[in-house]
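K.L.:
pasting the sequence and the predicted model now:
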Amino acid sequence: MFGKRVETEEYELTDRNLNVDIERQHHGHSEDEGNSSNRSSEESSTSHIFSAIDNLSKGAGTDDFTDKLTFNSVVQKYDRILSASKKYMALAGLCGLMLWISMLIWYSRGSYSRKSQPNGITFQPGDNSVSLSPFNPQNQNLTLDVLRSGKTFSFRAPIRWLTEKQVPEDKLKDGLYLIRIGDAYVVKSSQTDYSYTILESSDFTYNGQTFTVADIHLNPSKHFDSITNNFLIIETDITNKWRKSKLSLYWKYEPDKKIISPLALPDDDDNANELIKLQFASFSPGGSYVLYCYANNLYLTNGTIDSTIQITYSGSPEIFNGVTDWIYEEEVIGDDKLFWWSPDEENLSFATLNDTMVSKYDLDYYVKEPGSADDYAGDTSEDNFKQYPSSLKINYPKVGTNNPALSMFNYHIKENKISELDFKASSVQADSILYEASWIDNDNFLMKTTDRTSSYLTKTVFKPLTSELKEVANEDAASYNGWISKTNVLKPIPIDSDHKFGYIDRVVFNNQTHLALFPGANSSNPRILTNSAKWSVLTESPIAYDHTRNLLYFVATIRSSMDAHLMALDISKKDNNLINVTDTSKDGYYDIQFSHSAKFLSLSYMGPFLPWQKLIDMEKLVAASGDQSSYVSNLKYLESQPPINNYKQTETSIKEINLPTKTYRTMKVGTYSDGEDIIINFIEILPPGFKRRGKKYPLLVYAYGGPGIQTVNKEHSIDFQSVVSASLNAIVLIIDPKGTGGQSWKFQSIAYGKLGYNEPRDISSVTSEYIKQNKPIINTERTAIWGWSYGGFTSLKTLEYDKGETFKYGIAVAPVTNWLFYDSIYTERYMGMPESNPNYSKYARINDFDNFKSAKRFLIMHGTADDNVHIQNSLWLMDKFNSRGVENYDVHFFPDSDHSIYFHNANTIVYDKLLHWLYDAFTGKFDSLK
């Protein structure tokens with residue numbers, strides 16, 4: 001196991017007051033925000049420096065020779081021999097008792113507590129103990145190469161539940177799902193050994209050319225094993241564009257005829273033999289139609305794809321019909337699609353984004369061609385080059401500039417008629433932001449929009465039968481000093497037997513995010529389903545509803561702000577009594593993927609111990625009580641289910657690797673205006689073989705710090721921070737400053753209006769207090785901070801604020817350096833408009849450039865084709881450094897890499913560089929540099 005210790009340790013910051021208030025400006029106001037891609041890193045050969053790192057991690061250069069592995073093993077051996085004498089044993093016991101009492105008195109000076117764990121080695125940093133991960137001198141410490149090998153990852157099986165319409169009646173209780181096994185696409189049962197192969201091979205030939213299947217989409221209206229009058233959609237040759245958007249070849253596959261044919265444009269005689277890449281192709285809910293998009297225009301075919309009509313004609317590089325532009329994809333929807341089918345398939349609503357007034361940013365490409373496939377290895381020969389760079393213009397609205405203009409349309413299928421929704425009489429404007437939309441039933445289409453600063457939410461309902469557009473509810477984020485941000489889609493549910501529908505939505509109540517039941521599309525007075533002031537419903541987690549049992553499922557922080565447990569609620573009862581589906585008496589972080597009916601669940605335990613994935617029959621897990629009056633969780637059933645991921649294999653692999661120990665901590669940093677303590681969460685990572693005495697360890701702090709984003713939780717994670725701890729024999733802290741996610745809106749709203757203020761102050765204070773409490777084991781001359789994207793901004797602001805007092809070194813990867821360079825929707829959500837907020841210039845950029853001279857050294861890395869955080873940020877900062885004579889830093893640019901830094905082996909290089917650079921910093925290589 002990874003050695004994550006589940007006790008929470010509490011600190012109190014006694015000598016610093018972080019409760020500093022900046023006058024709040026007039027209230028007018030991202031999986032992965034700014035994080036690197038989750039694609040697997042490529043293998044790299046071990047360089048000579050890893051030998052040095054290995055030696056360091058195995059004890060070379062330690063201050064106390066008792067840390068040596070051979071010394072400890074010899075001592076243990078002779079301890080057994082010497083124990084033969086009872087006289088010596090009694091004497092040794094007396095001495096040991098006296099020593100223990102002395103040490104207890106000495107350690108009692110500590111100011112924090114930990115709970116003891118029964119396994120592993122224990123040490124006593126304060127007046128209590130913490131368990132360390134098992135340490136075997138014969139095992140290798142965790143390294144980058146081990147991490148890249150995949151041995152430490154218990155990967156999740158990517159399943160896709162079948163809907164009830166896709167399953168024959170005799171198999172409805174089997175919990176069927178689609179999964180790829182090797183080259184085959186197979187339907188399997190979560191409850192039996194049943195298996196049915198949809199596609200035996202992932203390769204097929206068309207016109208003499210071989211294609212490889214990347215994904216398949218089953219017809220939602222046909223049984224999966226239906227042969228006649230059935231077809232499915234195959235996707236190949238994916239070219240990724242931005243984070244979600246892509247271009248692919250789509251094909252129609254007819255199982256009975258074994259025929260595969262490409263989806264093409266209507267009456268496309270000029271390109272009859274040319275394969276056309278589409279932006280998407282998908283079935284309608286009942287499988288009667290296939291909708292697809294080409295060149296930002298929508299096309300519709302009937303269920304047999306023998307007749308295609310073009311719905312929109314306005315599509316262009318700057319007008320997007322039914323698909324997102326760059327900023328909607330990145331900051332609003334988190335997807336590439338902006339269309340919604342009515343349940344009866346009679347209406348198709350879609351958004352159009354007009355970017356013609358949005359300013360453009362030029363992305364320069366020095367090696368690859370813009371828009372070409374993501375070439376992560378490719379041709380790197382000396383003869384493969386371009387004489388001149390290429391440039392790609394993207395519509396990128398920066399702070400205070402024009403946003404995309406939003407229009408909404410409804411297409412009536414049978415009438416073949418498009419109607420524009422008229423918002424002239426409503427509060428919805430052209431620069432309003434569409435955050436969410438859904439058909440509640442066949443007659444009501446609900447849209448959630450905000451003003452451009454995401455401070456005021458409006459719910460508007462469109463009724464296609466009358467073309468009526470009505471505002472039904474509003475929400476002012478100023479009521480909880482917060483903002484409106486992207487969330488998971490609301491959940492329409494049947495309310496009664498007359499097929500009346502309402503919906504479940506997230507609301508802010510008691511300064512927490514909770515669930516509410518709106519009894520109809522036009523409702524403005526919901527029934528609050530969860531209401532605690534102590535915990536919240538996870539914003540990013542889906543909700544599910546079993547209408548046959550009236551059970552609503554969701555994930556909540558009911559145990560602590562670092563935990564996430566699966567809960568249930570019987571909404572037919574008015575008492576709102578919660579059902580703890582997972583064991584809330586134990587630490588845990590869970591992820592859920594329910595079937596459409598919510599009768600089956602892919603439950604992923606994400607930590608703090610080794611993750612597992614289980615397929616669950618919910619009627620067995622949440623069972624009726626003996627008197628049938630309520631539901632109870634059957635934890636024995638949950639424990640009895642076998643994992644379907646590679647849990648056992650990973651469990652065996654990591655036993656051969658020495659891993660760091662993680663503990664979860666809290667620190668009081670001030671009080672709110674109502675007297676409640678302000679608590680910051682952080683994680684401590686201790687290296688394998690950690691010794692409390694006789695050794696001073698280097699210290700690395702990792703932080704992201706973005707508003708509303710939680711980094712510190714109890715997910716199991718063997719990552720780069722773990723590698724640093726194990727390979728460089730370092731202590732690592734991961735800190736969530738004020739304003740980040742996971743806690744109440746009182747905590748999150750502290751970030752509003754002042755990006756760049758709390759992050760450096762909190763991180764510096766928490767780190768300095770940690771060093772103060774652990775001074776005997778911290779090498780205060782070997783302290784560093786690093787972060788990526790928003791975390792890069794946080795790292796630079798911390799170096800600027802700290803002036804070398806706490807942090808001697810720092811690393812910023814793809815950092816924002818001035819929030820006026822970043823996109824409008826994200827930045828204005830938290831900062832409002834620049835003309836009304838002086839903190840844009842006061843805190844939301846790097847200002848005190850001379851302060852960086854106080855750091856020993858720092859490193860900046862950036863991809864030159866970063867579409868998200870433009871390289872302009874780093875170049876602007878370096879120009880300021882030049883003007884001020886700041887020279888104590890290193891730079892590494894990655895040609896043609898985007899925000900994830902992957903192009904041509906770059907992801908391997910960026911992490912090698914991070915580790916090598918930290919090694920040099922922690923071993924004094926930079927001490928003589930100026």
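P.N.:
Thanks, I have it. Numbering: from 1, shown residues only.

K.L.:
any low-confidence regions in the stretch 201-350 of the chain?
P.N.:
Low-confidence regions of the stretch 201-350 of the chain, defined by pLDDT under 70, span residues 267-273, 303-305.

K.L.:
which residues in it form helices?
P.N.:
In the stretch 201-350 of the chain, helices defined by DSSP state H, counting those that start in this stretch lie at 326-327, listed in chain order.

K.L.:
swap in the stretch 551-700 of the chain?
P.N.:
Chain-ordered helices for the stretch 551-700 of the chain, with DSSP H, counting those that start in this stretch as the definition, fall at 618-621, 635-640, 647-654.

K.L.:
mind checking the ones you listed for the one nearest to residue 230?
P.N.:
Nearest of these to residue 230, taken as C-beta to C-beta: helix 618-621 at 29.1 Å. The C-beta positions use only the backbone N, C-alpha and C, and glycine is treated the same way.

K.L.:
what packs against that closest one?
P.N.:
Packing contacts for helix 618-621, counted by 3 or more C-beta pairs under 8 Å, 6 or more residues apart in numbering; DSSP states H and E, involve strand 600-607, helix 635-640.

K.L.:
for the record, mean pLDDT for the shortest one?
P.N.:
Confidence over helix 635-640 (mean pLDDT, whole number) is 94.

K.L.:
what residues of that helix count as buried?
P.N.:
When neighbours are counted by 16 or more other C-beta atoms under 10 Å, the buried residues of helix 635-640 are found to be residue 638.

K.L.:
next one: that helix to chain centre, how far?
P.N.:
Between the centre of helix 635-640 and the centre of its host chain there is 28 Å, according to C-alpha atoms, centre = their mean, to the nearest Å.

K.L.:
kindly report the same for stretch 529-546.
P.N.:
On the basis of C-alpha atoms, centre = their mean, stretch 529-546 is displaced by 18 Å from the centre of the chain it belongs to.

K.L.:
list the contacts of residue 804.
P.N.:
Residues in contact with residue 804 (C-beta atoms under 8 Å, 6 or more residues apart in numbering) are 854-856.

K.L.:
as JSON lines, those residues with distance to residue 347 would be great.
P.N.:
Output for the contacts of residue 804, formatted as JSON lines (distance: C-beta to C-beta, whole Å):
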{"residue": "854", "distance to residue 347": "63"}
{"residue": "855", "distance to residue 347": "59"}
{"residue": "856", "distance to residue 347": "63"}
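
K.L.:
re earlier: for residue 201, find the nearest of the helices and strands packed on helix 618-621.
P.N.:
With C-beta to C-beta as the criterion, residue 201 lies closest to strand 600-607 of the helices and strands packed on helix 618-621, at 26.0 Å.

K.L.:
picking up where we left off before, which one of the helices and strands packed on helix 618-621 lies nearest to residue 734?
P.N.:
Per C-beta to C-beta, nearest to residue 734 of the helices and strands packed on helix 618-621: strand 600-607, 13.4 Å.

K.L.:
what is the rounded mean pLDDT of that closest one?
P.N.:
The predicted model gives strand 600-607 an average pLDDT of 96.

K.L.:
name the residues of it that are buried.
P.N.:
Buried residues in strand 600-607, counted by 16+ other C-beta under 10 Å: 600-607.

K.L.:
which other helices and strands contact it?
P.N.:
Where contact means 3+ C-beta pairs under 8 Å, 6+ apart, strand 600-607 is packed against strand 589-594, strand 612-617, helix 618-621.

K.L.:
can you tell me which of those comes nearest to residue 444?
P.N.:
If you check each of the helices and strands packed on strand 600-607 against residue 444 by C-beta to C-beta, strand 589-594 wins as the nearest, at 24.1 Å.

K.L.:
give me the angle between the closest one and strand 600-607.
P.N.:
Per axes from the mean of the first three to the mean of the last three C-alpha atoms, to 10 degrees, the angle that strand 589-594 makes with strand 600-607 is 160 degrees.

K.L.:
and strand 589-594, what does it pack against?
P.N.:
On a contact count with 3+ C-beta pairs under 8 Å, 6+ apart, strand 589-594 meets strand 551-556, strand 565-570, strand 600-607.

K.L.:
wait, is residue 799 part of a strand?
P.N.:
No - Residue 799 sits outside any strand when classified using DSSP: H, G, I helix; E, B strand; the rest coil, being helix.

K.L.:
nearest to residue 572, of the contacts of residue 804?
P.N.:
Distance ranking of these against residue 572, using C-beta to C-beta, places residue 855 first at 60.8 Å.

K.L.:
returning to that earlier point: reformat the helices and strands packed on strand 600-607 into CSV and put mean neighbour count next to each item.
P.N.:
As requested, the helices and strands packed on strand 600-607 are exported to CSV (neighbours: other C-beta atoms under 10 Å):
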stretch, mean neighbour count
strand 589-594, 21
strand 612-617, 21
helix 618-621, 19
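
K.L.:
can you add distance to residue 153 and mean pLDDT and give those back as CSV?
P.N.:
Compiled in CSV, these are given as follows (distance: least, C-beta to C-beta, whole Å; pLDDT from 0 to 100):
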stretch, distance to residue 153, mean pLDDT
strand 589-594, 15, 97
strand 612-617, 12, 97
helix 618-621, 26, 95
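
K.L.:
could those be laid out in JSON lines, adding distance to residue 384?
P.N.:
Written out in JSON lines, the entries for these read as follows (distance: least, C-beta to C-beta, whole Å):
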{"stretch": "strand 589-594", "distance to residue 384": "42"}
{"stretch": "strand 612-617", "distance to residue 384": "42"}
{"stretch": "helix 618-621", "distance to residue 384": "54"}
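
K.L.:
residue 716 is nearest to which of those?
P.N.:
Each of the helices and strands packed on strand 600-607 was checked against residue 716 via C-beta to C-beta, and the shortest separation belongs to strand 589-594, namely 8.0 Å.

K.L.:
who's in contact with that closest one?
P.N.:
The contact list for strand 589-594, computed with C-beta under 8 Å, 6+ apart, reads 159, 161, 541-542, 544, 553, 555, 562-566, 582, 600-608, 713-716.

K.L.:
re the thing from before, to residue 646, which of the helices and strands packed on helix 618-621 lies closest?
P.N.:
With distances scored as C-beta to C-beta, the stretch of those nearest to residue 646 is strand 600-607 (13.1 Å).

K.L.:
domain-wise, how is this structure divided?
P.N.:
Residue ranges of the domains in the chain are recorded as 4-26+45-151+651-922, 156-288, 311-358+406-486, 524-645, according to automatic domain parsing.
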